[in-house]
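Visitor: Whatever this is, show me its structure:
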Amino acid sequence: MEDKFTTIAYHTYSRALLIQNQLEAAGIECLLTGINVIQPMVGSGVRLRVKTKDVEAALRIIQESGKIQEKAKTAKKIQQIKKILVPVDFSDYSKNACYYAVALADTFKAEIKLFHAFFKPAINLPTYEGAHLFQMNYDNYFQEIEIKAKKQLQELTEHLENYVKSKKLEKIKITATASNGFAEDAILEITETYKPGIVVIGSHGIGEKTKGIFGSVAIKLIDKIDVPLMAIPASATFTGLSKINNILYATDFDETDYAAIHRLVNLLRPFNMKLHCVHICIGSKRPWDSVKMDNLRDYIKAEYPDQKAKFSNMLSDNIFTGLETYMRNNNIGIVSFNSHKRNVFTKLFSPSITRKALSRFNKPVFVFRSE
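Guide: Numbers count the residues shown, from 1 in each chain. The predicted structure is shown next:
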């Protein structure tokens, strides 16, 4: 009977060749298909196929190779949180995010920078009778917007300073700045110059009416921002990070999970939270789901022996239904995702779920950006 071959991964041609050599060195026959014969180094849809009986052994070799690479990358990326950027638009959910930022700042002995973006378009009016009056009114209008924004920033800064005193926390340095520009672009720009360890931003959910501008901006930032993002939905009432005992990490078994988990565990250490690594199996559990979860478990136990952790492959007909059921049954207080820089081929089959998570869940969401 002819042996059946199973596709176990998709990679660039160079990466696929490397893995093929590793598998064949271990005695596992590996075929590469979907190669661009004209320009083999272009594209990332090369399939790695092995005999069905070798799937489990092949996946263990690939996972181990991925862990080594990611550990080397991660060591250079981890930075202690000393600065926290909080974009605000003075909405209720935006102010709610500030309380989470204060709790993080108190724990990590970090400073906070409040940031507000307002848009003042540059318009050159044609010359006609009365045009100068319109220009004056226009300039006065946007000058009032800028003055109001800076006043609100000052009031929010004073409010948070008083909040810190009322909670008898150590003094936290809180500064504020406003900038002209579209919110998304302005936040990315200040992130580059200020270099925060984390960005904390308020976000509103599906069907929630808001006058704020940053609720939807959080969703747009996840594919662009290079530092960890903590999005706080309006429905997430702040009661203290010390009261959150469980955090969920939703994994799709990507190699970059190891770097994301390393960053997450370093954030968790001061809070003594239990880490739940969860993979949602759509329709049925595949043999390699257990293999990959075992590798993740072994990695975390070896690297972080003191970290409380639970590992689950959960069967569901829908990713969000599965995650929400798990969150409900395990008292999850924070959800975290690894937002990948996905290639075009992968996007066709595995669209990012992080945008929907920011809109749907009523818990704070951590998003880690991976290469």
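Visitor: that's a helix at residue 10, yeah?
Guide: No: counting by DSSP: H, G, I helix; E, B strand; the rest coil, residue 10 is located in no helix; its state is strand.
Visitor: so where's the stretch 1-150 of the chain shaky on pLDDT?
Guide: Low-confidence segments of the stretch 1-150 of the chain (pLDDT under 70): 1-2, 36-45, 65-80, 119-142.
Visitor: so what are the domain limits for this structure?
Guide: By the assignment in automatic domain parsing, the chain contains the domains 5-70, 83-233, 244-370.
Visitor: residue boundaries of the helices in this structure?
Guide: Secondary structure of the chain by DSSP state H: the helices cover 13-25, 55-77, 92-108, 131-166, 183-194, 217-221, 257-268, 287-303, 319-329, 344-349, 354-360.
Visitor: Dump the domains of the chain into CSV; add mean neighbour count as well.
Guide: Yep, even glycine has a C-beta here, placed from its N, CA and C like the rest. Putting the domains of the chain into CSV (neighbours: other C-beta atoms under 10 Å) gives the following:
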stretch, mean neighbour count
domain 5-70, 16
domain 83-233, 17
domain 244-370, 18
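Visitor: ok, now how distant is the residue nearest to residue 35 when sequence neighbours are not counted from residue 154?
Guide: Once flanking residues are discounted, residue 35 sits nearest to residue 46: 5.7 Å by C-beta to C-beta, 6 or more residues apart in numbering. Here residue 46 is placed at a distance of 56 Å from residue 154 (C-beta to C-beta, to the nearest Å).
Visitor: returning to what we had before: for residue 243, which of the helices of the chain is the nearest?
Guide: Closest approach to residue 243 among those is made by helix 92-108 (10.3 Å; C-beta to C-beta).
Visitor: quick check: angle from the closest one to helix 257-268?
Guide: Angle between the axes of helix 92-108 and helix 257-268 is 80 degrees (criterion: axes from the mean of the first three to the mean of the last three C-alpha atoms, to 10 degrees).
Visitor: Begin at 236 from now on, thanks
Guide: Sure, I'll start numbering at 236, so the last one becomes helix 327-343.
Visitor: Just checking the distance from helix 327-343 to the centre of its chain.
Guide: 17 Å (C-alpha atoms, centre = their mean, to the nearest Å).
Visitor: so what does it touch, helix or strand wise?
Guide: The contact analysis (3 or more C-beta pairs under 8 Å, 6 or more residues apart in numbering; DSSP states H and E) places helix 327-343 against strand 318-322, strand 346-353, helix 366-401, strand 433-438, strand 464-468.
Visitor: Dump these to a markdown table, plus distance to residue 421.
Guide: Below are the helices and strands packed on helix 327-343 laid out as a markdown table (distance: least, C-beta to C-beta, whole Å):
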| stretch | distance to residue 421 |
| --- | --- |
| strand 318-322 | 8 |
| strand 346-353 | 4 |
| helix 366-401 | 12 |
| strand 433-438 | 12 |
| strand 464-468 | 15 |
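Visitor: quick one: residue 509 and residue 481 touch, right?
Guide: Yes: the pair residue 509 / residue 481 is scored as a contact, 5.0 Å apart, by C-beta atoms under 8 Å.
Visitor: Residue 453 contacts residue 465, doesn't it?
Guide: No: with contacts counted by C-beta under 8 Å, residue 453 stays clear of residue 465, the gap being 9.4 Å.
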